[in-house]
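Enquirer: from the sequence below, what's the structure:
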Amino acid sequence: MACSNLANAQQSAPPVATPKPGQILVSGTVPDEASKAGILAKVKELYGAENVVDQVAVGAVVLPANWNTYVQKMIGPNLKLISKGQLKIDGNAVSVRGEVVNEVQRQQIASDIATNLNPTYTVNNGLRVSASEQNVLDTTLGNRIVEFETGKTTLTATGQSILDELAVPLLKLKNKKLEVIGNTDNQGLRASNLALSNARAEVVKAYLASRGIALESMSTLGQGPDRPIASNDTADGRARNRRIEFRIAQ
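Expert: Numbers count the residues shown, from 1 in each chain. A predicted model of the protein is given here:
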């Protein structure tokens, strides 16, 4: 779940509870039951009623005009992109905190929030890009391809070198499952390519195991030519499609 604390309205609020993992805590003080119901309805619609912890109080607070409407506009799908997050709304001062997977998301979420508000509101973007396990693997691999000898399941020296680098962050992962996915270009029979992609994924799995990665933490999948990332009409495109992907299982 994205946010552990949402819609913390202006002035003092009651002591907040500690939500369980995956739950969303909604806390703060609003002027009436209608405001409370509207905010809770939006949060429950987004995250599921069973995941929302209600600690919103009704009290003597004065809020800006159309405050309820603006708050409900802010509670949108983009919030689910945030992990370990908090959206705090104190009158017309808004701050959003938490982790996102890249800089584009960091800027887009804050921009979308601001777009839904009038100019009297200010938005403090406290989002940060997380160094997630998947990001670390993607960064290590970069745009490089784990190479095999043509038409074979034998790793080239370059392919082995890349896997040696990849083993370093993999050894640091705790209680995570790794999917090793083989892909090919579309040259030849599909059935043969499926078998080749699976066999190459198995070779990579065995190689990583020889570098200390637990066999039981890895699974393999051969997708053959079914998931191209480039055109198979050029030699360069076909080379890019002949690849091994690594995915941290969710």
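
Enquirer: lowest-pLDDT helix or strand in this protein?
Expert: Lowest by mean pLDDT, DSSP states H and E among the helices and strands of the chain is strand 3-6, with a mean of 38.

Enquirer: and this structure, what are its domains?
Expert: Split into domains by automatic domain parsing, the chain comes to 3-129, 133-248.

Enquirer: that older thread, averaged pLDDT, the helix or strand following the least confident helix or strand of the chain. What do you get?
Expert: Going down the chain from strand 3-6, the next helix or strand is strand 24-30, by DSSP states H and E. Confidence for strand 24-30, expressed as mean pLDDT, is 87.

Enquirer: distance of the residue positioned nearest the centre of the chain from Gln108?
Expert: Centroid-nearest residue in the chain: Val101, 5.5 Å away (criterion: CA atoms, centre = their mean). For Val101, the distance to Gln108 (CB to CB, to the nearest Å) stands at 12 Å. Glycine gets a C-beta too; all of them are placed from N, C-alpha and C.

Enquirer: hmm, the residue nearest to the centre of the chain is touching Val136, no?
Expert: No - contact status for Val101 versus Val136: not in contact, 11.7 Å apart, counting by CB atoms under 8 Å.

Enquirer: so who does Gln187 touch?
Expert: By CB atoms under 8 Å, 6 or more residues apart in numbering, the contact list for Gln187 reads 193, 232, 238.

Enquirer: most neighbours out of the residues you listed, which is it?
Expert: Counting neighbours by other CB atoms under 10 Å, Asn193 leads the contacts of Gln187 with 22 neighbours.

Enquirer: look at that one and report its pLDDT.
Expert: 94.

Enquirer: what sits against it?
Expert: Contacts for Asn193 (CB under 8 Å, 6+ apart) come out as 184-187, 224-225.

Enquirer: of these, closest to Phe246?
Expert: Proximity of the contacts of Asn193 to Phe246 (CB to CB) peaks at Thr184, which lies at 16.6 Å.

Enquirer: distance of the closest residue to that closest one other than its chain neighbours from Gly224?
Expert: Using CB to CB, 6 or more residues apart in numbering and skipping the chain neighbours, the partner closest in space to Thr184 is Asn193 (4.2 Å). Counting by CB to CB, the gap from Asn193 to Gly224 is 4 Å.

Enquirer: residue at max distance from the center of this structure?
Expert: Ala60 (39.1 Å).

Enquirer: look up how far Pro31 lies from it.
Expert: To Pro31, Ala60 is 7 Å away according to CB to CB.

Enquirer: and Leu196, by the same measure?
Expert: Distance from Leu196 to Pro31, by CB to CB: 66 Å.

Enquirer: more crowded one of those two?
Expert: Just comparing Leu196 and Pro31: by other CB under 10 Å the higher neighbour count belongs to Leu196, 21 against 17.

Enquirer: which element is the more buried one on?
Expert: Following DSSP H and E, one finds Leu196 within helix 190-210.

Enquirer: name the residues of that helix that are buried.
Expert: 193-205, 207-208 (16 or more other CB atoms under 10 Å).

Enquirer: how about these, which pair is most distant?
Expert: Spanning the widest gap among the buried residues of helix 190-210 are Asn193 and Leu208, at 22.6 Å by CB to CB.

Enquirer: what's the neighbour count on Glu33?
Expert: Glu33 has 10 nearby residues by other CB under 10 Å.

Enquirer: what do you get for Lys174?
Expert: Counted with other CB under 10 Å, the neighbours of Lys174 add up to 7.
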